[in-house]
Every structure is written in structure tokens, then in C-alpha cells.
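Q: Quick one, what's the 3D model for this:
(4 chains)
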2 protein chains.
Amino acid sequence: MRSSQVTIKDIAKHLGISASTVSRALKDHPDISEETKRMVKDLAAKLKYQPNALALSLKNSKSNTIGVIIPEVVHYFFSQVISGIEDVAYNAGYTVVICQSNERYVREVANTKALLAQRVDGVLVSISKETQDLEHLHNVEDHNIPMVFFDRRCSDIEADSVLIDDFNAAYQATKHLLKLGRKRIAHLGGPMHMDIGRLRKEGYMQALKDFDVEVDEALIFEANTFEDAPGCVQKMMQYKNPPDSLFAVNDLTAIGAIQAIQNMGLKIPEDISVVGFSDGRFSNIINPKLTSVDQHGYEMGRKATEILIKRIKEDQREYDPVTEIIPGTLIVRDSSVNR
Amino acid sequence: MRSSQVTIKDIAKHLGISASTVSRALKDHPDISEETKRMVKDLAAKLKYQPNALALSLKNSKSNTIGVIIPEVVHYFFSQVISGIEDVAYNAGYTVVICQSNERYVREVANTKALLAQRVDGVLVSISKETQDLEHLHNVEDHNIPMVFFDRRCSDIEADSVLIDDFNAAYQATKHLLKLGRKRIAHLGGPMHMDIGRLRKEGYMQALKDFDVEVDEALIFEANTFEDAPGCVQKMMQYKNPPDSLFAVNDLTAIGAIQAIQNMGLKIPEDISVVGFSDGRFSNIINPKLTSVDQHGYEMGRKATEILIKRIKEDQREYDPVTEIIPGTLIVRDSSVNR
DNA sequence: TTGAAAGCGCTAACAG
DNA sequence: CTGTTAGCGCTTTCAA
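A: Numbers count the residues shown, from 1 in each chain, chains lettered A, B, ... in the order given. Next up is the predicted model:
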């Protein structure tokens, strides 16, 4: 047994007093004499006593812990969100348990289960791309554990969410291209079973409509990875009426497209203007610099956590979920404007 | 009270049997009749019973939890490490609690305390840039909690560590340039008060020495950010004997340099070959693709966690710490070789 | 001003 | 095959 862990009992024994007195002394209970307090505190310090949070959690049936289920930490956006979560949680005295689903449904289910077992006080979730069945999340609801969605929501579940205004941001991005005089705007998007995929596409289409540009389905692809992009580009560039610009659902896809375009000897932004989404560390670094939508990940993490902690503190069984929409910010760079 | 949490007792009461029977039935104890097992399991499923991990941890004085103290999640390298940690921990049935120090000493101390209170079974640490005083880490040792350092070690503390072979990787990177016939190799490096900065510079210098190329201090800069790089480049290119290549301490610095070089109308790799370090998501994405050293963050996370879990399982008070060195892998791409 | 006892949820002897 | 009991570490009535 490793546990050289000092307990309140140990302190009590050493001092020939009761455990409850020690407990009270440690938290400056007014009933306890100054002398006892001193004694107890001194010994506690000497023995490096560390309160056992597990025992406390068990007793209070609250763990002061927040669970996070996130697709992948390695995405810059998500790691920003985590930073936001961490900062708020830390300041409010909560511990954060982060679980990655790796975009896999089974893993998300397992994570949820683990968090439930851990008796987290609340859960922050961004669902995986695979997730369709929602039983595990309903399960969280059933246990009356507050849950806040961030970035990727489940519209079938009534819960608070913090989202970016995907529709509008996509609208702005497309409008930006339209205002540059582009008419044949391709869209690499999806996944269409997710809100973010659908909404961004809808924003794109709405902008076209508002500018009286016909939607051409041949310019719309379900393609949302770096690897997906080149194939689509090659295909489109063989049309007799190829695109003059491109709006991608995320930056990596945009970059994949850019490289394919450049490899065909075409110039960006002159021949084809490109706009990405979810302003990452890349946007500034590639050549040409990528126009993109800043998703404000850190802010999103903060907001979601603030809401969650509020819910935890309120401790209401029923409440009207709020949806906080963070506007995306279009950041115009070289990939869509001539210098 | 929110807790609509079902306990073993509830199940027992519903079924008119004892709690221990329920407990045993749930874990397929051979003593329990099939019939009882069925009853119990069915009801447990119906009531969505979730075992309380806190109670278990308290009982067993082990939490099946690993604590991680990491400078910043938003660094691609660290997020890769986390992925490695998560994967191994997940497969071994451990929960991972991640704390960011944000490179701040006080925060690191607070994190350590929280993890200790949480009774994590082991700790993975990469110390912050600020950390000098090590009491909080000694505290972990005192509590007999296994600790493994990754990437950034504390040489004053006897603990397992998993590091990358910075010296040798830098040596290889420099040698690669030398073998291409480059002689005027600049180095953008640092910070010199950290092992990584120092060792990479030393590897660079050793390679020059071994190839009988004179070290020119005018080609060495303490510059390790994207923003630092352009200034150095501009300065060097005015020398009457300017560099023909460049080795940077990290990719972002390399990329900053590349852009400055390109902006001066020079070609990469023809005029100046560039090598980075810490192969990030960028390397493949910029133009030309960047030659860099893969630091194997994922692998590092895996290794560190494997060692830690081994230590936890061994449960020995004393052991000889191991230091695992992961060799960096030079990945040659277009920035240092003509296609 | 302090102590004794009960209980948070669970399990593992020990008894039947 | 099942129940009783005790205890993990802590807090909190209630009693002294």
C-alpha cells in the first residue's frame, strides 16, 4: 500500500483530540479555541496534510469537477476552447477532466460513461462527427447533470449551447467574395449531418441568393479535410465554366484546395480567391495568407463554462436552455484580395 | 439536491435484497444465482444505474486517475502529447485530468495541489518556463505518487523522464544542410536558459565542427518566434558573406524566416535552404514544404504514460528512475532539397 | 469548546 | 447463495 497519505484521523491521534475537532480547526470554525487551531494547523502543515477531495465529493455528492468531451485536442480551435474552459473553471475552483472522442462515437459514449461515473458536476460537449445516436447524452440529462454544448450542438437535445453564428459567418464570407465580383463560388463543406456543415452551406447559399447568383450544385462538395480538397478542385477545374473562387468549411480544406490550385499553375487570389473558416494558426502562415473566419475559440470556452457553472450553482431541475451565439469575425487576408 | 443518482442501495431496496448481493450480482460474482443476477442487472439497466467512481476510489484509495501538468495545450506539440497520454490511459482504464500551467509558476503549484487533493494515482509533468522552486514537486514525491517528466525535465528531481534528443536532432539537421554543400548556415535559436534552446544550438555547433566549418557568431541569433525571424534575416542578408542556409529552433521561426527570404525575392531552397524543428501541422502546408525534425509528441505522451502506469502498478516506494530518450527524426522536404 | 455517531456509496471479510 | 458489518476520509448534527 502506497498511501502514506495523512488523514484528519492521523492528526487527531497525534494530538489526542477528535477528528471532528481537527476538521473544524482546519476550517476555522468559530467554536474552536485559537490554541487548538494553531496546534492542528501546525501539525497539518508539518505532516503535509492534503484534504482528500474524493471523500469530500462523496460526502457532498458534488465533485467540483467539470467534464469536457471534445473531438480532438490537436485542433487549434479546440485547444483554444480548452484554454478558455480551463481559465474559467480554475478561477471558480473547478477541476477539469478532458476526454477526447477522437471523432469516434464509441469513444464518446465511453467518455460520457466515465464522466458520469466520476460524478462530474457538469459536462461540456462538442459531439463527434460520427455521433447520431444520442442515448448517452440523454443519459446525462436523465441524471440531471447540467450540460452545455459548444461549437457542435445536438439540436435534438434541449441544452444550453454556445455556438458560433455559422450561418451568418458563412454568409459574410460568401458576400465578401461576391463583393469582389466573384460569381462562380465553389463550396467545400459538410458534413451535412452536422449543424456546422449545414449552416455554413446555408449561409453560403443565402448570400448567393441575395446577390442574385444562381446556386450551381456542381460547385458544392461534401469535402472537409485537407485530403478531400484536391480531388474536388481537379474536378471543378475541368468544367467549361470553372469556379472563380472558393469558400471552404474549414481552413485545412481551404489550404488543401489552395495547394491543388497552385499546383495547376493558377494564381491565388487572381485566378481563384479562397476563403476558409475557423481562423487557425495556419492562416497567417501560408502563402498567400488565408482569409478566414475567426471562431473565437477561447471566448467560446469561457462562455460555455460560465453558463455551465451558473447552471451547477442554480441547481434547478428544469430550466429554459439558452443558446449563446458568438459572431464569427471575417478576417480578410491575401487569399481573397489583391495586394 | 440534484442527485437523482441511483445507488446500489436503491436497487437493493426495490428488490428486497441486500446491497452486497446487488454489488456482487453486478460484477458477476460466482456465488450469486443466475436468477438474482438477471433481476439485478435488469433493474440496474432500467434505472440507469451508474457506479459511483468516487466511492470506489475512496474505498480502494486509488482513483484510477492520472494528472497531467502541461504548459499550454494550444501548442501543437503538447496537444499531440496529450493525445498520446489519453490513448494509453484510456486503454488502461485511467481517467486523465489535464491542468495547464500557462507557463506560470503559481498556477503550476495550484495545479499540483489540486491533483494531490484529487488523489491522482500518478502525475505527468512538463514544467513551466518560470519554474525554479521545486517544493511542489517534492511534495508529490513525499506523497509517494509516481511522477514522470516529459519534454521538459527537472534535473534536480529524481524521477522518470521522457525527452527528445535535442542535441542529436539538431546535429542531424545541421549535418543535412552541410551534406547539401551548404557552409554558411545561420541559426535562429534559444531561449538559451532552457535545455531545448541550449542543446539544439550545441548540436548545430558540433555538426559544424565535425565538418570543419567555422562557427560564425554573426550567423547565430537568439530568435525563436515567427515575429523574431524577419529582422534577423534582413540583417544577415546584408552581410557581404550572407548565409546560404538556415536552421531554426522551431518551425514557426523557420516559417517566419522563409517568408522574409521570399519577400526579398530569393528562392527557397535554391538560394537559401531552411530547416525547422518540431514538426508541426504547418510543415506540410506551407510552400515550400518545410524540412523539419519530428519530435514525436504523440509517442512521447504514450511512453511517458506507459512508464507512469507501470510505476503505479509496481507500487514500489523506491525505484531507479529511467530516462527515455526519443530520437528526433529529420524529415526532409522541399525547403532544403530541390525537387 | 469538544466529542461521538452517523452517513455519503461501495466492497470484502465474515457469518449464516 | 445471501446478509451483516465495518470502513475508506470527511463533515455535521446532536449531545455533553
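Q: a strand runs through A:Cys99, doesn't it?
A: Yes. If the criterion is DSSP: H, G, I helix; E, B strand; the rest coil, then A:Cys99 is within a strand.
Q: Could you find the closest non-adjacent residue to it?
A: Leaving aside its sequence neighbours, A:Cys99 sits nearest to A:Asn111 (CB to CB, 6 or more residues apart in numbering or on different chains; 3.7 Å). Quick note: C-beta positions are derived from backbone N, CA and C, even for glycine.
Q: same question for stretch A:324-339, mean pLDDT?
A: For stretch A:324-339, mean pLDDT is 91.
Q: Give me the buried positions along it.
A: Buried residues in stretch A:324-339, counted by 16 or more other CB atoms under 10 Å in any protein chain shown: A:Ile326, A:Gly328, A:Leu330, A:Ile331, A:Arg333, A:Asp334, A:Ser335, A:Ser336.
Q: Can I get these in JSON lines including distance to chain B and secondary structure?
A: Putting these into JSON lines (distance: CB to the nearest CB, whole Å; DSSP: H, G, I helix; E, B strand; the rest coil) gives the following:
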{"residue": "A:Ile326", "distance to chain B": "18", "secondary structure": "strand"}
{"residue": "A:Gly328", "distance to chain B": "19", "secondary structure": "coil"}
{"residue": "A:Leu330", "distance to chain B": "21", "secondary structure": "strand"}
{"residue": "A:Ile331", "distance to chain B": "17", "secondary structure": "strand"}
{"residue": "A:Arg333", "distance to chain B": "13", "secondary structure": "coil"}
{"residue": "A:Asp334", "distance to chain B": "12", "secondary structure": "helix"}
{"residue": "A:Ser335", "distance to chain B": "13", "secondary structure": "helix"}
{"residue": "A:Ser336", "distance to chain B": "17", "secondary structure": "helix"}
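Q: Closest one of those residues to DNA strand D?
A: Closest approach between the buried residues of stretch A:324-339 and DNA strand D, by CB to the nearest atom of the strand: A:Ile326, at 38.1 Å.
Q: A:Lys13: how many residues sit nearby?
A: 13 (other CB atoms under 10 Å in any protein chain shown).
Q: try A:Lys179
A: Other residues close to A:Lys179 by other CB under 10 Å number 10.
Q: circling back to that earlier point, does the residue nearest to A:Cys99 touch A:Ser101 like I think?
A: Yes. With contacts counted by CB atoms under 8 Å, A:Asn111 reaches A:Ser101, the gap being 6.1 Å.
Q: who touches both of these two?
A: Counting by CB atoms under 8 Å, 6 or more residues apart in numbering or on different chains, the shared contacts of A:Asn111 and A:Ser101 are A:Ile69.
Q: neighbour count winner among the two?
A: Neighbour totals were compared for A:Asn111 and A:Ser101, and A:Asn111 leads with 28 against 24 (other CB under 10 Å).
Q: Let me know the helix or strand that the more buried one is in.
A: Here A:Asn111 sits within helix A:105-117, counting by DSSP states H and E.
Q: contacts for that helix?
A: By CB under 8 Å, 6+ apart, helix A:105-117 touches A:67, A:69, A:97, A:99-101, A:123, A:127-128, A:130-133, A:136-137, A:139-140, A:143, A:145, B:50-53, B:90, B:95.
Q: now the strands for chain A?
A: Using DSSP state E, the strands of chain A run over A:65-70, A:95-100, A:122-125, A:147-150, A:160-164, A:185-189, A:220-222, A:245-248, A:273-275, A:292-294, A:323-326, A:329-331.
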